[in-house]
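Undergrad: I'll drop the sequence and a predicted model, then ask my questions.
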Amino acid sequence: MVLVVGFFQKVGHANYEGALDLLYLALSIAAISIGLYFLSKVGKAH
């Protein structure tokens, strides 16, 4: 979780100059969200 917080701190201070930068931001947030989702599923037996 510390790495996620560090990521969002760095992202908050970045300069975005175009739509492609915002697309990369959206994809990176989606990748982190998906990764955290699957990490939460590890070890749970349903």
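TA: On my side now, so go ahead.

Undergrad: tell me the pLDDT of His46.
TA: What the model reports for His46 is a pLDDT of 63.

Undergrad: now the strands: where do they sit in the protein?
TA: For the chain, applying DSSP state E gives no strands.

Undergrad: longest helix in it, please.
TA: For the chain, the longest helix by residue count, based on DSSP state H, is helix 19-41.

Undergrad: check which helices and strands that one sits against.
TA: helix 2-12 (3 or more C-beta pairs under 8 Å, 6 or more residues apart in numbering; DSSP states H and E). C-betas here are computed from N, CA, C, even on glycine.

Undergrad: so what does the helix it packs on touch, helix or strand wise?
TA: Checked by 3+ C-beta pairs under 8 Å, 6+ apart, helix 2-12 has helix 19-41 packed alongside it.

Undergrad: which residues are contacting stretch 10-21?
TA: Residues outside stretch 10-21 that contact it (C-beta atoms under 8 Å, 6 or more residues apart in numbering): Leu22, Leu25, Ser28.

Undergrad: could I get those as CSV with neighbour count, pLDDT and distance to Gly43?
TA: Formatted as CSV, the contacts of stretch 10-21 follow (neighbours: other C-beta atoms under 10 Å; pLDDT from 0 to 100; distance: C-beta to C-beta, whole Å):
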residue, neighbour count, pLDDT, distance to Gly43
Leu22, 11, 93, 35
Leu25, 13, 92, 30
Ser28, 12, 94, 26
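
Undergrad: point out where the chain drops to low pLDDT.
TA: In the predicted model, the chain carries pLDDT under 70 at residues 45-46.

Undergrad: still on that earlier bit, tell me how far the longest helix of the chain is from the chain's mean position?
TA: Mean C-alpha position of helix 19-41 versus that of the full chain (C-alpha atoms, centre = their mean, to the nearest Å) differs by 4 Å.
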